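Participant: Predicted model and sequence below, questions to follow.
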Amino acid sequence: MSAKDCGHHGKGRRKFFRRLIACLLVTLLIVLITILLIWAILRPSKPSFILQDTTVYAFNASIPNFLTSNFQITLSSRNPNDRIGIYYDRLDVYATYRNQQITLRTRIPPTYQGHNEINVWSPFIYGNMVPIAPDNSVTLRSEQAAGTVFVIIKIDGRVRWKVGTFVSGRYHFYVRCPAYITFGSKSNGIIIGENAVKFQFVTKCSVSV
C-alpha cells in the first residue's frame with residue numbers, strides 16, 4: 001500500500017469520526033429539547049402539605065434558657081400533578097420557636113409519591129434541655145403563662161420530579177407549618193392518657209422548592 005493510499009484512509013477515518021460525533025451531538029440536542037418541551041408543557045406543581053394535628057407529650061420551659069419538648073405530629077402531603085411523580089429523597093422534620101430550632105431533626109424515610117397520591121406521616125420530634133436565647137426564654141415563659149405558644153413545624157429536604165422515564169435532578173425543598181399550642185384554662189386540646197394533649201389543626205403549610 002502506498003503512502004498516498006494510507007493518507008486517504010486516514011482522512012476517511014477522521015471524516016467518519018467527525019460525522020459520528022456530529023450525529024451524537026444532534027441526537028443529544030434533540031433529546032434535551034424534547035425533555036425541556038415536555039417539562040415546559042407539564043409544568044410540575046409543588047406538593048401541598050397540611051399539618052393535621054400535634055400531640056404534646058412534654059413542654060417544659062421552667063429552667064431559664066432551656067427547653068425540653070416532645071411532640072408527635074401528623075402531616076399529610078398531596079401530589080397535585082396528573083402526570084408527574086415526586087421522589088422525596090430526604091425529609092427532615094423539626095420545630096422552631098422565634099426562628100430558633102428547639103428540637104432535633106427527625107428524618108422521614110425516603111418515598112415515592114405517584115400522581116394525585118396522598119401520603120401521611122406521624123413522626124416524633126423532641127429536644128431535651130435545648131439551650132435557647134435568653135430573650136426567647138423570657139418570651140416563651142411569658143407566652144406559656146398567658147396560655148398560647150406559637151411554634152413552626154418545619155421540613156427541609158430534597159425532591160426529584162419523575163416524568164415518564166425521565167427523573168430530574170434534586171431540588172431543595174422547604175415546608176413551614178404554623179402551630180398554636182394552648183395551655184391551662186385556654187387549652188383547646190384533647191387529653192390523651194396522663195400527660196399528653198392532642199391539638200387538631202388542619203393547617204395549610206407553605207411550600208417552596
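Facilitator: Here it is on my side, so go on. Numbering: from 1, shown residues only.
Participant: From here on, just use CA atoms for contacts and neighbour counts.
Facilitator: OK.
Participant: I'd like the distance between residue 109 and residue 152.
Facilitator: When distance is defined by C-alpha to C-alpha, to the nearest Å, residue 109 is 21 Å away from residue 152.
Participant: of these two, who's got more company?
Facilitator: Higher neighbour count among residue 109 and residue 152: residue 152, with 20 against 11, using other C-alpha atoms under 10 Å.
Participant: Backbone torsions only: list them for the more buried one.
Facilitator: phi -120, psi 130 (degrees, to the nearest 10).
Participant: Give me the three-state assignment for the closest residue to it other than its chain neighbours.
Facilitator: Closest residue to residue 152 apart from its sequence neighbours, by C-alpha to C-alpha, 6 or more residues apart in numbering: residue 178 at 4.6 Å. Under DSSP: H, G, I helix; E, B strand; the rest coil, the three-state class of residue 178 is strand.
Participant: For burial, what's the neighbour tally of residue 178?
Facilitator: 18.
Participant: ok, the closest residue in space to residue 187 that isn't next to it in sequence - contacts?
Facilitator: Sequence neighbours aside, residue 147 is the residue nearest to residue 187 in space, at 7.1 Å (criterion: C-alpha to C-alpha, 6+ apart). For residue 147, the contact set (C-alpha atoms under 8 Å, 6 or more residues apart in numbering) comprises 182-187.
Participant: go on, residue 105?
Facilitator: So residue 105 contacts 92-94, 125 (C-alpha under 8 Å, 6+ apart).
Participant: Let me know the pLDDT of it.
Facilitator: Residue 105 is assigned 97 on the pLDDT scale.
Participant: check which helix or strand covers the closest residue to it other than its chain neighbours.
Facilitator: Nearest residue to residue 105, sequence neighbours excluded (C-alpha to C-alpha, 6+ apart): residue 94, at 4.9 Å. Assigned by DSSP states H and E, residue 94 falls within strand 84-97.
Participant: Off-centre distance for the following helix or strand past that strand?
Facilitator: Proceeding C-terminally, strand 84-97 gives way to strand 100-101 as the next helix or strand, assigned by DSSP H and E. Chain-centre distance of strand 100-101: 17 Å, with C-alpha atoms, centre = their mean, to the nearest Å.
Participant: Residues in contact with strand 100-101: which ones?
Facilitator: Here strand 100-101 makes contact (C-alpha under 8 Å, 6+ apart) with 94-95, 132.
Participant: With respect to residue 114, which of these is nearest?
Facilitator: Proximity of those to residue 114 (C-alpha to C-alpha) peaks at residue 94, which lies at 25.3 Å.
Participant: and the closest one, what does it touch?
Facilitator: 101-106, 125, 153-155.
Participant: Grab the two from those that are most spread out in space.
Facilitator: For these, and using C-alpha to C-alpha, no pair is farther apart than 102 and 155, which are 13.7 Å apart.
Participant: how close does the residue nearest to residue 105 sit to residue 25?
Facilitator: Distance from residue 94 to residue 25, by C-alpha to C-alpha: 46 Å.
Participant: One more: residue 17?
Facilitator: On the measure of C-alpha to C-alpha, residue 17 and residue 25 end up 12 Å apart.
Participant: do the same with residue 147
Facilitator: 66 Å.
Participant: next one: residue 197
Facilitator: 62 Å.
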